[in-house]
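J.: Any chance you can model this:
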Amino acid sequence: MAVVAVAAAAMLAVGCTSGGKSEPTDQAARSTSSTVAPATPLRVKLVASAKVPKGGLDARRAAKQAAPGLERFLDRYLTVAFVDAAGGKAGWDGLLGLFDKPVRTSARKQLDSLSLGGAAANVSAVRPGRASARAVILYGARRPAAATVRLAFDGTADSAKGSGQVHLRSVLQLLSTGEGWRIAAFDSRTGPPR
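T.: Below is the predicted model of the structure:
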């Protein structure tokens, strides 16, 4: 948790502000200011493999079948933990709803290692950069039962005092439920990459 506080302080200290200047009014000035690259949408790049029971599905086909749902789940996680958390107004119910009920209390206590956490109120926007995951999906008889996912996220957080990098590195243990994937266990940290 201290890592997030240090990262948030560093993030807020990095960069410069506009100094309160208004937008340029002439056409030439407008065209140069429009060359700033638009924000990249969040997209998790997932590499998945599957472990299947003997005599069951083909492992490659099983991984391909489960990958889209798992990718959507991870995209949703990063969206509620970082992109939509900027400003601190959304609260954490959306994020905590992604966790299995027995681990929600633990996740609530560790928000700073799972998301923007306490820094969210000071961040005006998060621009996603790299979002990648490697997953091993364990199959039951015919459908996914669990998955181990290594998730990495890098982005840029903007605040009134400037911009700085945000990072997440997590190992998530997921369960496949009738309602979709749920996080059953996690080892997660935010802050600068090591």
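
J.: Now do the helices in this protein.
T.: 2-13, 27-33, 59-78, 93-96, 104-109, 111-114 (DSSP state H).

J.: center of the chain - which residue?
T.: Leu78 (2.3 Å; C-alpha atoms, centre = their mean).

J.: wait, isn't it in contact with Lys45?
T.: No - the pair Leu78 and Lys45 fails to qualify as a contact (C-beta atoms under 8 Å) at a distance of 11.8 Å. Just so you know, the C-beta spots here come from the backbone N, C-alpha and C atoms, and that holds for glycine as well.

J.: Spell out which residues are contacts of both of these two.
T.: Counting by C-beta atoms under 8 Å, 6 or more residues apart in numbering, the contacts common to Leu78 and Lys45 are Ala131.

J.: Can you pull out the low-pLDDT segments for the protein?
T.: For the chain, the stretches with pLDDT under 70 are 1-39, 192-194.

J.: again, 50 this time
T.: For the chain, applying pLDDT under 50 flags the ranges 1-38.

J.: can you pull out the strands in it?
T.: Applying DSSP state E to the chain gives strands spanning 45-51, 125-139, 144-159, 162-177, 180-190.

J.: Which of those sits closest to Leu98?
T.: Closest approach to Leu98 among those (C-beta to C-beta): strand 180-190, 5.7 Å.

J.: how much does the closest one deviate in direction from helix 59-78?
T.: Here the directions of strand 180-190 and helix 59-78 differ by 60 degrees (axes from the mean of the first three to the mean of the last three C-alpha atoms, to 10 degrees).
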